[in-house]
Structures are given as C-alpha cells and as structure tokens.
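Enquirer: next input, structure requested:
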Amino acid sequence: MPRGPVLVFDSGVGGLSMVGALCHHLPGVALAYACDNAMLPYGIREDDWLVARILAVCEAAVLASGASALVVACNTASTLALAALRARLRIPVVGTVPAIKPAARLSRSRHIGLLATRATVARPYTLGLIREFAADCRVLRVAADVLVNEAERLVAGEPPDRRVLRRALAPLRDDPQLDTVVLGCTHFPLLREALAEVSPPAWQWVDSGEAIARRTAQVVADPALRGGPGASFATAPDTRLARGLAAFGFASPKPLPVG
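Expert: You can find the predicted model right below:
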C-alpha cells in the first residue's frame with residue numbers, strides 16, 4: 001500500500017513557513033497540515049497541559065491523515081513533547097528547535113538575538129542549545145508572543161501592524177553589536193519581510209525551515225505518495241484559516257475532534 005502524506009503540525013499557521021522548503025527537498029511529496037488553532041497560542045500555556053494536548057492532537061491528526069511521518073513545526077511543542085510523541089507514535093517524528101547553531105556560525109560580532117515565544121526563550125532545552133553551540137556569543141533572548149497573532153493575521157490576508165513589530169524588536173536594538181536574529185518560532189519567518197522593513201539593514205535573519213526540511217528528506221527518503229499540499233485539519237476551522245491554507249495549496253480544513 002502507498003505510504004501516507006508527510007503531516008506538518010503546528011499550533012496555528014506557523015508550519016506553513018516550512019512548506020516551501022519541504023517541497024524543495026521532497027519534490028512532489030504529498031503534504032497534509034494540521035493545527036490546534038483552538039488553543040493558540042501554545043507559548044502561554046502550562047507545560048503539563050501542553051504535553052497532554054499535543055499528544056492528543058497529533059494522534060488525532062495522524063489518524064485522520066494517514067500520515068507516514070510527522071513534522072512538528074512548532075518550537076514550543078518540539079522542545080516540550082518531542083520525546084513523548086516519538087514514544088507514542090509509530091511513525092517518524094521530526095522536531096523543530098531554534099536555529100542557534102547556524103546563527104552562531106553566521107554571526108561575526110558574536111552578538112545574537114533570539115526572538116521566540118516566552119515559553120521557548122526560557123525553556124531548559126533552549127538554554128542547552130545556547131551553551132552547546134553559542135557559548136562564545138552574547139545571546140539576547142526576547143519573548144515576542146505578540147508576533148504569533150501578527151503572522152496569523154498576515155496569512156489570513158491582513159497586513160501586520162508595523163507598530164507591534166517595532167515594539168517586539170525594540171529590546172534587540174539595545175545591543176548595537178547585534179548582527180544576527182534567530183526567528184525561534186515557526187510563525188515568525190512568515191513575517192520576515194515585514195520585520196526586515198522595521199529593523200537595521202545589517203541584521204541577518206535565521207530560521208530552522210531549511211534544516212528541518214533536509215532532516216525530513218532523510219527520514220522520508222523514498223516517499224511513495226505524491227501530490228504536493230493536500231488535506232488540512234484544524235481544531236477550530238474557519239473561513240480566514242481556509243483562505244490562508246489555500247494560499248499554500250491546502251484544501252479547506254476539516255474539523256479535527258480531540259478527545
């Protein structure tokens with residue numbers, strides 16, 4: 001029997017920022033998308049609740065899509081529940097973590113900004129990445145949960161509020177030597193152009209999309225099911241979400257019941 005699609009999971013539309021890279025590294029592979037937008041944003045919720053919720057939503061989405069592999073396109077979910085997902089599911093699971101390692105390689109000044117949700121910037125996993133890969137760097141960690149909503153608005157067809165973007169970036173401006181910014185939430189690359197317009201031109205922007213796509217291509221070395229973006233699922237489907245998913249080639253989201 002043909003294997004099922006590669007399922008991309010995120011709390012909201014952030015995982016759409018990885019679709020281009022996945023299609024590039026896995027040409028023609030069938031993709032499905034699932035989001036838990038009913039509980040957006042994940043970054044403000046308690047860890048124990050989140051682990052149980054992520055397991056329940058991903059299990060339901062894998063069952064509904066018939067997925068052959070799962071890409072957890074959410075830094076919060078990955079840094080918290082990746083081990084539990086791998087123990088629970090019988091398919092390969094690829095996680096997403098902040099791109100600290102490539103940022104440290106790229107930065108010349110050794111001054112890096114990490115723009116992420118408040119859960120991700122404070123999580124021990126993230127601090128471990130900094131110690132391992134950027135110990136010789138000054139890493140300024142900034143919680144920017146407000147950008148999640150701006151990315152959701154952008155995908156729904158509304159322009160992001162430049163004032164909100166400027167306020168979110170303001171703490172990074174306190175370090176005049178900063179030259180590299182890690183977009184540590186998959187929602188944030190969707191705002192890359194808008195963020196660049198309100199930030200110093202010398203800043204370099206780094207995210208995990210390409211690395212995760214390469215890893216997924218290794219895990220799904222010979223995908224049998226082709227067709228590109230296809231089915232989508234959401235815990236709270238609506239017309240705005242449907243329009244955003246359609247722009248990336250996905251069908252209107254089907255309701256995803258979670259017990």
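
Enquirer: how does this protein divide into domains?
Expert: Residue ranges for the domains of the chain, per automatic domain parsing: 6-95+210-255, 100-207.

Enquirer: by mean pLDDT, show me the worst of these.
Expert: Mean pLDDT is lowest for domain 6-95+210-255 out of the domains of the chain, coming in at a mean of 91.

Enquirer: helix/strand/coil for the nearest residue to residue 156 once chain neighbours are set aside?
Expert: Spatial nearest neighbour of residue 156, excluding adjacent residues (CB to CB, 6 or more residues apart in numbering): residue 240 at 4.1 Å. No exception for glycine: its C-beta is placed from N, CA and C like everyone else's. The three-state label given to residue 240 by DSSP: H, G, I helix; E, B strand; the rest coil is helix.

Enquirer: same question, the one 5 residues further on
Expert: Here residue 245 takes the helix state, with states given by three-state DSSP.

Enquirer: what residues are up against it?
Expert: Contacts for residue 245 were tallied using CB atoms under 8 Å, 6 or more residues apart in numbering; they are 13, 16, 33, 232, 251, 252, 253.

Enquirer: so what touches the lengthiest helix in the chain?
Expert: Identified as the longest helix of the chain according to DSSP state H is helix 47-65. In this structure, residues lying in contact with helix 47-65 by CB under 8 Å, 6+ apart are 4-5, 7, 9, 32, 34, 36, 39, 42, 45, 67, 70, 72, 76-77, 80-81, 84-85, 88-89, 91, 119, 231, 233, 235, 254, 256-259.

Enquirer: alpha carbons of it, as PDB, please.
Expert: Coordinates of each C-alpha in helix 47-65 appear next as PDB, following Å, rounded to 0.1, in the frame of the first residue of the first chain:
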ATOM      1  CA  ASP A  47       3.800  22.600  30.300                       C
ATOM      2  CA  ASP A  48       1.900  19.600  31.700                       C
ATOM      3  CA  TRP A  49      -1.300  20.600  30.000                       C
ATOM      4  CA  LEU A  50       0.500  21.200  26.700                       C
ATOM      5  CA  VAL A  51       2.200  17.800  26.600                       C
ATOM      6  CA  ALA A  52      -1.200  16.100  27.000                       C
ATOM      7  CA  ARG A  53      -2.800  18.300  24.500                       C
ATOM      8  CA  ILE A  54       0.000  18.000  21.900                       C
ATOM      9  CA  LEU A  55      -0.100  14.200  22.200                       C
ATOM     10  CA  ALA A  56      -3.900  14.100  21.800                       C
ATOM     11  CA  VAL A  57      -4.000  16.500  18.800                       C
ATOM     12  CA  CYS A  58      -1.100  14.800  17.000                       C
ATOM     13  CA  GLU A  59      -2.500  11.300  17.500                       C
ATOM     14  CA  ALA A  60      -5.900  12.500  16.100                       C
ATOM     15  CA  ALA A  61      -4.200  14.300  13.100                       C
ATOM     16  CA  VAL A  62      -2.000  11.200  12.200                       C
ATOM     17  CA  LEU A  63      -5.100   9.000  12.300                       C
ATOM     18  CA  ALA A  64      -7.200  11.400  10.200                       C
ATOM     19  CA  SER A  65      -4.500  12.000   7.600                       C
END
